[in-house]
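Undergrad: No sequence on hand, only this structure:
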DNA sequence: CGTAACCTTGAGTAATGTCAAGACTGGTGG
DNA sequence: CCACCAGTCTTGACATTACTCAAGGTTACG
């Protein structure tokens, strides 16, 4: 169907302006839809990636395995994200992408993506901006992991997830929630699962969050943000208005 | 003079192919040359950046200040890098860029850069790739800070700097070296300067590096890389051949 | 030759990791 | 419907890494 890629279009339009021809070209991209179970790989480190995947439903994360076997989650991806721009354009994947939940995605051949970028400057610009924002998020993660203590780090991640999910949920009408295990949270923050557990308990005792049936609910977003030193500027959500 | 932007061209051509028109357009970009003393700002967090700066000589770094006053260096920039793509296209700078050494740079108005990207798909693609590589480096830094201990982290940074400097020095014929203080190294690695000092001593005792007059010399690159768990794939230096 | 910035080192402290055991949860098959 | 099982969560005791504070040494530069 023609509106499968709508989600990608909606996302890109949050930061770029398209004319009718651009929109038609984007929605006209060839693709195949695939579904994946939790834990399955979209791409493995070291592989050649000839497709770009647009996440339609569900969540994914990027990860690197370091020498001693440790894992670091380096990014989270939500529906609408084009998760394989990086690995696809850089050809040899320098990290893996894995499904966090069950996902559906649209796979677009690299050549078609490059072709549309060459023909439609506005679309090329939109993808470029998207990449810049991903970089901006990565830099914030560096600051988060490098210079904040465990409690702030965790609070910051919770704030980021809340904001990004809000945007996605608003776009889709759903109200998804991110079902990460404490081990995964730890791997995203450079902490051990045990310590994540303790910090969650701390945040809960402070009345900032609640935990029910393995999902985390933010009770006091204002205070959580101040604990986390969280400012959403780095997500560049309102680029059109700047 | 017309070859001031040569350095940028050389860098982009490492990863993209241009025809004569593309090269002429790039070299024809309007710019003004500026010099900056060590420690001076190219852009400050929160400011609006209307220029993109191409580093011609010297080094710079990007940094974020977190809530409690701590500083995290999130990226290093070497000659040839277009250091303000991010802040310039995202309009409001979400981090600062500061001169590490005395630098000279070419400032290109944002509108001209956007214009050339819209007119020359190959150039737009080259900038996009460049941004992707910056993101790839950021992700490696996340893994480095999040999942390696202090000694590995430091060794990894030294390996990265060595490789990147080698590329730049080969391009320019110089043999620059990165004069970071131990405090700056610590801020790049999420460590305190005191601990950086101890880890340097450790690496020196192991015969991996030597220190003379405040510069670090790598004595055993092979062993240092293995200590660091360093693989240069994430720098994507050989993209044309992949 | 004096000064400021930087480096070096030691001693004590705080944050986070490690190991291990038990409790909970959700799904599966009998 | 129940029992079981694997995966996850929770907690405690202890180990280790990295941080803090502080003092003295070194280097570059005016």
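TA: Good, I have the coordinates. Note that the structure is predicted; figures quoted are calculated from it, not measured.
Undergrad: Provide the count of other residues in contact range of residue A:206.
TA: The tally of other residues near residue A:206 (other Cβ atoms under 10 Å in any protein chain shown) stands at 15. (C-beta placed from N, C-alpha, C; glycine too.)
Undergrad: How about the contacts made by it?
TA: Neighbouring residues of residue A:206 by Cβ atoms under 8 Å, 6 or more residues apart in numbering or on different chains: A:223, A:227.
Undergrad: how close does it get to residue A:57?
TA: As judged by Cβ to Cβ, to the nearest Å, residue A:206 and residue A:57 stand 34 Å apart.
Undergrad: what bridges to the one residue sitting closest to the centre of chain A?
TA: Central residue of chain A (Cα atoms, centre = their mean): residue A:77, 2.1 Å from the mean position. Per DSSP bridges, the residues bridged to residue A:77 are residue A:60.
Undergrad: who's in contact with it?
TA: Neighbours of residue A:77 in contact, by Cβ under 8 Å, 6+ apart: A:55, A:59, A:60, A:61, A:62, A:83, A:97.
Undergrad: Just confirm the third one contacts residue A:97, I think it does.
TA: Pointing back at residue A:60 there. Yes. Counting by Cβ atoms under 8 Å, residue A:97 is a contact partner of residue A:60 at 5.7 Å.
Undergrad: looking just at contacts, which helices and strands does the helix or strand bottoming out on mean pLDDT in chain A meet?
TA: None of the helices or strands of chain A scores lower by mean pLDDT, DSSP states H and E than helix A:85-89, at a mean of 77. With contacts defined as 3 or more Cβ pairs under 8 Å, 6 or more residues apart in numbering or on different chains; DSSP states H and E, helix A:85-89 has these neighbours: strand A:51-57, helix A:110-119, helix A:121-147, helix B:121-147.
Undergrad: cutoff 7 Å now
TA: When contacts are defined as 3 or more Cβ pairs under 7 Å, 6 or more residues apart in numbering or on different chains; DSSP states H and E, helix A:85-89 sits against strand A:51-57, helix B:121-147.
Undergrad: So which bits of stretch A:43-58 are buried?
TA: By neighbour count on 16 or more other Cβ atoms under 10 Å in any protein chain shown, the buried set for stretch A:43-58 is A:43, A:45, A:49, A:51, A:52, A:53, A:54, A:55, A:56, A:58.
Undergrad: Check stretch A:167-178 too.
TA: A:168, A:171, A:172, A:178.
Undergrad: Any idea how far apart the tips of that stretch sit?
TA: 13 Å (Cα to Cα, to the nearest Å).
Undergrad: hmm, back to that, which one of residue A:60 and residue A:97 is surrounded by more residues?
TA: Regarding residue A:60 and residue A:97, a neighbour count based on other Cβ under 10 Å identifies residue A:60 as having more, with 26 against 23.
Undergrad: looking at it, the more buried one is touching residue A:95, isn't it?
TA: No. Here residue A:60 does not reach residue A:95: they are 12.0 Å apart, not a contact under Cβ atoms under 7 Å.
Undergrad: Next, the contact list for residue A:159, please.
TA: By Cβ atoms under 7 Å, 6 or more residues apart in numbering or on different chains, the contact set of residue A:159 is A:224, A:225, A:228, A:230.
Undergrad: ok, which stretches of chain A are helices?
TA: Assigned by DSSP state H, chain A shows helices spanning A:6-13, A:20-27, A:85-89, A:110-119, A:121-147, A:150-172, A:182-189, A:193-205, A:221-228.
Undergrad: Going by mean pLDDT, which of these comes out lowest?
TA: Mean pLDDT across the helices of chain A is lowest at helix A:85-89; the value there is a mean of 77.
Undergrad: Distance from the chain centre to that one, please.
TA: Here helix A:85-89 is found 15 Å from its chain centre; the criterion is Cα atoms, centre = their mean, to the nearest Å.
Undergrad: outside of that helix, which residues touch it?
TA: Taking Cβ under 7 Å, 6+ apart as the rule, helix A:85-89 contacts A:43, A:49-52, A:93, A:110, A:127, A:131, B:129, B:132, B:135-136.
Undergrad: my guess is residue A:186 contacts residue A:198, does it?
TA: No. Residue A:186 is beyond contact range of residue A:198, at 10.9 Å (criterion: Cβ under 7 Å).
Undergrad: Which residue of chain A lies farthest from its centroid?
TA: In chain A, the residue most distant from the centre (Cα atoms, centre = their mean) is residue A:205, at 28.9 Å.
Undergrad: and the gap between that one and DNA strand C?
TA: 15 Å (Cβ to the nearest atom of the strand, to the nearest Å).
Undergrad: Write out the residues of chain A neighbouring DNA strand D.
TA: A:181, A:182, A:183, A:193, A:194, A:197, A:198, A:200, A:201, A:211, A:214 (Cβ under 7 Å from any atom of the strand).
Undergrad: Residue A:91: how many residues sit nearby?
TA: So residue A:91, with other Cβ under 10 Å, has 16 neighbours.
Undergrad: With the one 3 residues further on instead?
TA: Using other Cβ under 10 Å, residue A:94 has 22 neighbouring residues.
Undergrad: now swap in residue A:203 and tell me
TA: Neighbours of residue A:203 using other Cβ under 10 Å come to 25.
Undergrad: what residues are up against residue A:32?
TA: Residues counted as contacts of residue A:32 (Cβ under 7 Å, 6+ apart) are residue A:107.
Undergrad: Next: the one 5 residues further on.
TA: Counting by Cβ under 7 Å, 6+ apart, residue A:37 touches A:99, A:102.
Undergrad: Show me which of the contacts of residue A:77 is closest to DNA strand C.
TA: residue A:59 (16.7 Å; Cβ to the nearest atom of the strand).
Undergrad: Quick check: phi and psi on the closest one?
TA: Backbone geometry at residue A:59, expressed as degrees, to the nearest 10, gives phi -120, psi 150.
Undergrad: May I have the beta-bridge partners of residue A:55?
TA: With DSSP bridges as the criterion, residue A:55 is bridged to residue A:105.
Undergrad: surely it meets residue A:105?
TA: Yes. Between residue A:55 and residue A:105 there is a contact at 5.3 Å, judged by Cβ under 7 Å.
Undergrad: coming back round to it: what is in contact with residue A:60 and residue A:97 at once?
TA: Applying Cβ under 7 Å, 6+ apart, one finds that residue A:60 and residue A:97 are jointly contacted by A:42, A:83.
Undergrad: How many residues are close by the closest residue to residue A:195 other than its chain neighbours?
TA: Leaving aside its sequence neighbours, residue A:195 sits nearest to residue A:150 (Cβ to Cβ, 6 or more residues apart in numbering or on different chains; 5.7 Å). Neighbours of residue A:150 under the rule other Cβ under 10 Å: 17.
Undergrad: same check, this time on the one 4 residues further on
TA: Other residues within reach of residue A:154, judged by other Cβ under 10 Å, total 30.
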